[in-house]
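In: my questions are about this predicted structure, shown below with the sequence.
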Amino acid sequence: MLGVTTTADLSLVRSRGEEWRTLAFMPAAALWREFLDADVLRLWDGWLNRPLVEDIRSAGREIWVMSGNLGSYLPTGVFDPARVALYRELGVDGVLVNEVSRFRRVLARGGYPRLIAHRGLCPGLCREFASRFAAAKALGADEIELDVRGTADRHLVICHDRDLARIAGIPGSIDALGVEQLAAARLRGDMESVGLCTLEEVFRLLGQSIGYNIHIKEAGDDGWIVARTIRTIREYALQRIAYIAGDAEVLDYAMRMDPE
């Protein structure tokens with residue numbers, strides 16, 4: 001499956017003629033009809049209402065909701081059981097959240113939608129630490145979302161930011177540093193004794209026990225980051241449970257490098 005953020009990206013994928021499964025990160029609820037070529041539509045929680053869900057459902061599309069503290073209806077880390085009950089009642093297929101531990105506590109044992117952990121567990125572990133993803137799995141997440149960047153020595157590390165200024169308080173962009181330098185960098189947050197982890201470390205830790213939503217932030221020269229990501233997915237036999245999201249350049253490289 002490929003993740004797309006614009007109708008142009010979606011058209012690019014469909015123009016290849018292959019039967020790609022696609023997830024659309026929609027920029028606005030009013031645009032949902034423009035994304036009907038996608039298989040899954042992701043909505044912000046604040047957009048969710050019964051008529052919209054019924055319209056998308058009638059078009060035969062899956063619905064994932066982005067909840068948590070990003071554009072949400074409630075303060076950080078607070079979840080409304082009635083809202084979760086509405087997810088179930090409306091038949092929402094997936095919920096992507098920042099606070100897996102608090103969200104899981106208000107979910108009934110049965111009938112809940114697919115739970116996707118946005119960048120792993122939050123809070124408690126800094127977002128680039130491998131154990132964050134293992135903790136999300138232990139708390140019941142069905143899938144984890146993670147951001148991938150390339151290092152100067154062509155390794156893949158998990159990092160949302162382009163540089164280390166915010167997360168470690170030191171200068172230096174990810175693509176200008178080597179993997180050992182990044183592993184040695186002390187990250188801010190509740191786990192200041194750890195550095196960045198690699199994509200392979202996460203795969204080695206969790207294997208086939210969970211799904212992976214891999215957001216490749218940049219394709220890299222000649223698409224090497226995309227190629228390395230695809231190769232690593234294959235090495236760990238994760239083709240059926242991992243999917244790639246990114247900009248048009250990332251998607252173009254992904255489809256050319258892995259037409260299956």
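Out: Cool, the structure landed. Note that this is a predicted model, so its numbers are computed, not measured. Numbering: from 1, shown residues only.
In: let me know the helix or strand that the residue nearest to Leu90 when sequence neighbours are not counted is in.
Out: Excluding its sequence neighbours, the residue lying closest to Leu90 (CB to CB, 6 or more residues apart in numbering) is Val53, at 4.6 Å. Quick note: C-beta positions are derived from backbone N, CA and C, even for glycine. Using DSSP states H and E, Val53 sits in helix 50-58.
In: tally of neighbours for the closest residue to Leu52 other than its chain neighbours?
Out: Closest residue in space to Leu52, ignoring its immediate chain neighbours: Ala29 at 6.2 Å, by CB to CB, 6+ apart. Ala29 has 15 neighbouring residues, counting by other CB atoms under 10 Å.
In: from Asp55, how far off is Ala29?
Out: Distance from Ala29 to Asp55, counting by CB to CB, to the nearest Å: 10 Å.
In: quick one on the thing from earlier: quick one: the helix holding Val53 to chain centroid distance?
Out: Centre-to-centre, helix 50-58 and its host chain are 24 Å apart (CA atoms, centre = their mean, to the nearest Å).
In: in that helix, which residues are buried?
Out: Judged by neighbour count using 16 or more other CB atoms under 10 Å, the buried positions of helix 50-58 are 52-53, 56.
In: wait, isn't Ala59 in contact with Leu36?
Out: Yes: the pair Ala59 / Leu36 is scored as a contact, 5.6 Å apart, by CB atoms under 8 Å.
In: compare those two (neighbour count), which wins?
Out: Set side by side, Ala59 and Leu36 show more neighbours around Leu36, with 14 against 11, by other CB under 10 Å.
In: for Glu62, report the pLDDT, please.
Out: We have a pLDDT of 90 for Glu62.
In: and if you look at Arg188?
Out: Reading off the confidence values, Arg188 has pLDDT 64.
In: and what of Asp142?
Out: pLDDT for Asp142: 83.
In: of all the buried residues of helix 50-58, which comes closest to Gln181?
Out: Using CB to CB, Ile56 is the member of the buried residues of helix 50-58 that lies nearest Gln181, at 45.5 Å.
In: which residues touch that closest one?
Out: Counting by CB atoms under 8 Å, 6 or more residues apart in numbering, Ile56 makes contact with 32, 41, 63.
In: how close does it sit to Leu12?
Out: Separation of Ile56 from Leu12 (CB to CB): 22 Å.
In: please name the nearest non-neighbouring residue to Met255.
Out: According to CB to CB, 6+ apart, the nearest residue to Met255 is Arg16 (5.4 Å).
In: what's the burial count for that neighbour?
Out: Other residues close to Arg16 by other CB under 10 Å number 13.
In: what's the following helix or strand after the longest helix along the chain?
Out: As assigned by DSSP state H, the longest helix anywhere in the chain is helix 224-235. Sequence-wise, the next helix or strand downstream of helix 224-235 (DSSP H and E) is strand 242-245.
In: can you pull out the strands in the stretch 51-200 of the chain?
Out: 62-66, 94-97, 114-118, 143-150, 156-158 (DSSP state E, counting those that start in this stretch).
In: run through who's touching the first one.
Out: Outside of strand 62-66, the residues that reach it under the criterion CB under 8 Å, 6+ apart are 23, 39-45, 48, 53, 56-57, 87, 90-96, 113-114, 116, 118.
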